[in-house]
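Peer 1: Fold the stuff below for me.
(one chain, ligands or ions: 2)
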Amino acid sequence: MMTTDARTNRAGAGNTQAQADLYRPASSILELRSVSCAYEPARPAVHDISFLAREGEILCLLGPSGCGKTTILRAIAGFEPVRSGEIFLSGRLVSSSGHTIPTEERHVGMVFQEYALFPHLRVADNIAFGLRHLSKGERRNRVQEMLCLTGLEGFERRYPHELSGGQQQRVALSRALVQNPVVLLLDEPFSNLDPDMASRMRQELHVLLRRMKTTTILVTHDHDEAFAMADRIAVLNKGALEQMDTPEQIYHVPATPFVADFVGQADFIPGQVRSGTVHTELGEFPDTLQSAEGASVVVMIRPDDIHAVPDRSAGSRIVARQFRGSENLYTIRLPSGQLVHSSESSTSVYQEGAAVELRVSATHTVIFREAPPA
Ligand code: ADP
Ligand code: MG
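Peer 2: Ligands and ions are numbered 1, 2, ... in the order given. Below you'll find the model as predicted:
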């Protein structure tokens, strides 16, 4: 079983703040214990997932398409039964094998990829939809408050088709938040927006969630989005939880080669352990894994740790340059043929084929037993 605790220090580096956070007793709003879900008996879509979300926290489920993110959200919402394990909301058992409390009783808010607004209802009525148990005056006040918080004042009489994508998303959010959900579930909420709009909505949503102190589970396949939004990130791969940590720890101290590779540009350099040191083509690194003498390992290096300096006598060659505005990302071939990447300033322009010497400053290298599958 891979729990939030079990993954600790698989990468071998210090991690004390995150550990302290994990062990500190905190009021848990949502807890999954060894949850598995399967659409077909032989192939679990989600396997043995355990994590908890604390009150007011923004937690991101991050992973490639098909890794089980939506299935987890659907299980939390009560749309999907669990094969094994338990889900607790505010301490109450809501899902276990053969037992699923209906969605209406869970008090979760949901915004899915397609916002699923009611096309025949005006904005105000879309938002008020779940408030029928309240008096008319109370309903109007709550809707007005939400319109104000999400910047939709003046749009209350419009129909969904008269709104932009960003405005439709605000309506969907308002409709979910107006009910004061125990937890807000967001499934790739920015994927239908153009990049500019998505970035603006991300910032707006972050401010709004902080102000409302709403516990949120945000699903995304985009690590930049997870980094920008999350207090903690759960990285998923093939239905299993690989690591749960702060964005900084996920990036700098990835627990597995998959995480290292998924959350940013990473190169994996083979090395051999001799007397506690890993010897590689790019130099020597301390062996944090305490491997046996002669063991083969790989060193994960990010491009900002590799600095290329033109030098005619050097054996490495520039293969390609990718201009990224604020930086140049170089692909460089080492004498052995291994490719690595180097991030240089946006004004450092070198030609393809140029010989460069590589200087490595190991600020966030991590030693693994093996490279991720290609
Ligand atoms: P994600 O949201 O991370 O892209 P999903 O949770 O949608 O992943 O899917 C996880 C796995 O379950 C995938 O292999 C997907 O093909 C499968 N799956 C999802 N929904 C269904 C379904 N309704 N019936 C059968 N298989 C499904
Ligand atoms: Mg999905």
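Peer 1: buried residues in stretch 245-263?
Peer 2: Going by neighbour count (16 or more other C-beta atoms under 10 Å), the buried part of stretch 245-263 is 245-247, 249-263. Using the backbone N, CA and C atoms, a C-beta is placed for each residue, glycine as well.
Peer 1: Contact residues of the protein facing ligand 1?
Peer 2: Within the chain, the positions adjacent to ligand 1 are 39, 45, 63, 65-71 by C-beta under 6 Å from any ligand atom.
Peer 1: From these, which land in helices?
Peer 2: Among those, DSSP state H puts 69-71 in helices.
Peer 1: Switch the residues you listed over to a markdown table; also include pLDDT, distance to Phe285 and neighbour count.
Peer 2: Output for those, formatted as a markdown table (pLDDT from 0 to 100; distance: C-beta to C-beta, whole Å; neighbours: other C-beta atoms under 10 Å):
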| residue | pLDDT | distance to Phe285 | neighbour count |
| --- | --- | --- | --- |
| Lys69 | 97 | 34 | 25 |
| Thr70 | 96 | 39 | 21 |
| Thr71 | 97 | 39 | 22 |
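Peer 1: re the thing from before, hmm, which of the residues of the chain next to ligand 1 are the buried ones?
Peer 2: Applying 16+ other C-beta under 10 Å to the residues of the chain next to ligand 1 flags 45, 63, 67-71 as buried.
Peer 1: Show me which of those residues is closest to Glu344.
Peer 2: Nearest to Glu344 among those: Gly63, at 30.7 Å, using C-beta to C-beta.
Peer 1: how close does that closest one sit to Val219?
Peer 2: 9 Å (C-beta to C-beta, to the nearest Å).
Peer 1: intersection of neighbour lists for the two?
Peer 2: Lys69 (C-beta atoms under 8 Å, 6 or more residues apart in numbering).
Peer 1: before we move on, back to that, which pair in the residues of the chain next to ligand 1 has the greatest spatial separation?
Peer 2: Tyr39 and Gly63, at 17.3 Å, using C-beta to C-beta across the residues of the chain next to ligand 1.
Peer 1: bridging residues for the residue nearest to the spatial centre of the chain?
Peer 2: In the chain, the C-alpha nearest the mean C-alpha coordinate belongs to Leu62, at 3.3 Å (C-alpha atoms, centre = their mean). As for beta bridges, Leu62 partners with Thr220, Val235 under DSSP bridges.
Peer 1: Now do stretch 230-247: distance from first to last residue.
Peer 2: End-to-end distance for stretch 230-247: 7 Å, by C-alpha to C-alpha, to the nearest Å.
Peer 1: err, stretch 115-123, not the other one
Peer 2: 13 Å.
Peer 1: Okay, helices next: where are they in the stretch 1-150 of the chain?
Peer 2: Secondary structure of the stretch 1-150 of the chain (DSSP state H, counting those that start in this stretch): helices located at 16-23, 69-77, 123-128, 136-149.
Peer 1: Which one, of those, ends up nearest to Gln167?
Peer 2: Nearest of the helices of the stretch 1-150 of the chain (C-beta to C-beta): helix 123-128, 8.3 Å.
Peer 1: Could you count how many residues lie near the residue nearest to Pro160 when sequence neighbours are not counted?
Peer 2: Leaving aside its chain neighbours, Pro160 sits nearest to Leu117 (4.2 Å; criterion: C-beta to C-beta, 6 or more residues apart in numbering). For Leu117, the count of nearby residues is 20 (other C-beta atoms under 10 Å).
Peer 1: Contact partners for Leu117?
Peer 2: 126, 160, 168, 171-172, 175.
Peer 1: domain ranges for the protein?
Peer 2: In terms of domains, the chain is parsed into 11-261, 272-368 (source: automatic domain parsing).
Peer 1: which of these is buried the deepest?
Peer 2: Highest mean neighbour count of these: domain 11-261, a mean of 18 (counted as mean count of other C-beta atoms under 10 Å).
Peer 1: Show the low-confidence segments of the stretch 101-250 of the chain, by residue range.
Peer 2: For the stretch 101-250 of the chain, not a single residue meets the criterion pLDDT under 70.
Peer 1: how much space between Thr277 and ligand 1?
Peer 2: Using C-beta to the nearest ligand atom, to the nearest Å, one obtains 40 Å as the distance from Thr277 to ligand 1.
Peer 1: Sorry, wrong one. I was asking about Leu121.
Peer 2: Following C-beta to the nearest ligand atom, the distance that separates Leu121 from ligand 1 is 28 Å.
Peer 1: What's the end-to-end length of stretch 153-167?
Peer 2: Terminal residues of stretch 153-167 lie 11 Å apart, using C-alpha to C-alpha.
Peer 1: can you check stretch 89-108 too?
Peer 2: End residues of stretch 89-108 are separated by 9 Å (C-alpha to C-alpha).
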